[in-house]
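> Here's a sequence, model it:
(2 chains)
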Amino acid sequence: SQTIHQWPATLVQPVGSPLSLECTVEGTSNPNLYWYRQAAGRGLQLLFYSVGIGQISSEVPQNLSASRPQDRQFILSSKKLLLSDSGFYLCAWSLAQETQYFGPGTRLLVL
Amino acid sequence: GDSVTQMEGPVTLSEEAFLTINCTYTATGYPSLFWYVQYPGEGLQLLLKATKADDKGSNKGFEATYRKETTSFHLEKGSVQVSDSAVYFCALIKAAGNKLTFGGGTRVLVKP
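Now for the predicted structure:
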């Protein structure tokens, strides 16, 4: 069966520091991968999605970037964090345009 | 553009009460519709889905029917438990799309 992992689970970072969040999927090949952000008390916003290695689509202009160095690995990065980057970051996977399955999330607090 | 509208919460119920969470959508074509549930501190779990008009998705006692004529996908459960306390998200995805469009979420609190 397929599983999706995210780490770290929780992260507290100072403003201006770099960020790297990792997401990996097991048990499937060539998945579509997604990064979402959930701000406190709000809905989910799609940040990036990828349909293959090195292919990244950005949904909103922002302080963040994404990379897909391997088929089942998706990384969310920032060179300099802002206070507004705080939130709950969720990675998801799907096969083509089918159902998306979510990871456990990373809670990021920028101070 | 596409959009999903959910009733605002929080919804507070007593155990064994009937739960309905309204969800309506705006989209061209024939989207697939989903309900996800988020328990405190966790990621989203797929609760149920429907891929075409008149389909009924069901899981864990929850049901929702894809109503194209009213562009709705209301979630129902006949008898809620304390363990059903969570945030519920309605979402859609277009047939040839990659992007899930979410509603704002509805927080449900079930009291014993």
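> Any residue of the worst-scoring helix or strand of chain B on mean pLDDT touching chain A?
Evaluated with mean pLDDT, DSSP states H and E, the helix-and-strand set of chain B has its lowest mean pLDDT in strand B:100-102, which scores a mean of 90. Yes: against chain A, strand B:100-102 shows contacts by CB under 8 Å from any CB of the partner chain at B:100, B:102. Backbone N, C-alpha and C define where each C-beta goes, glycine included.
> strand partners of the very next helix or strand once past that strand, parallel vs antiparallel please.
Scanning forward in sequence from strand B:100-102 by DSSP states H and E, the next helix or strand is strand B:106-111. Partner strands for strand B:106-111, per DSSP bridges, with pairing direction: strand B:11-14 (parallel), strand B:86-93 (antiparallel).
> what about residue 85, how many residues close to it?
Answering for chain A, as no chain was given. Per other CB atoms under 10 Å in any protein chain shown, the neighbour tally for A:Asp85 reads 20.
> meant chain B, my bad for not saying
Using other CB under 10 Å as the criterion, the residues surrounding B:Ser85 number 17.
> for B:Asp84, same thing?
B:Asp84: 20 surrounding residues under other CB under 10 Å.
> With A:Pro69 instead?
Neighbour count for A:Pro69, taken as other CB under 10 Å: 9.
> Can you name the next helix or strand after the strand or helix carrying it?
Here A:Pro69 is covered by strand A:65-70, with elements defined by DSSP H and E. Using DSSP H and E, the helix or strand that follows strand A:65-70 towards the C-terminus is strand A:73-78.
> which ones are touching the residue nearest to A:Gln6 when sequence neighbours are not counted?
In space, and not counting its chain neighbours, A:Gln6 is closest to A:Gly103: 4.1 Å by CB to CB, 6 or more residues apart in numbering or on different chains. Neighbouring residues of A:Gly103 by CB atoms under 8 Å, 6 or more residues apart in numbering or on different chains: A:4-6, A:23, A:90-92, B:43.
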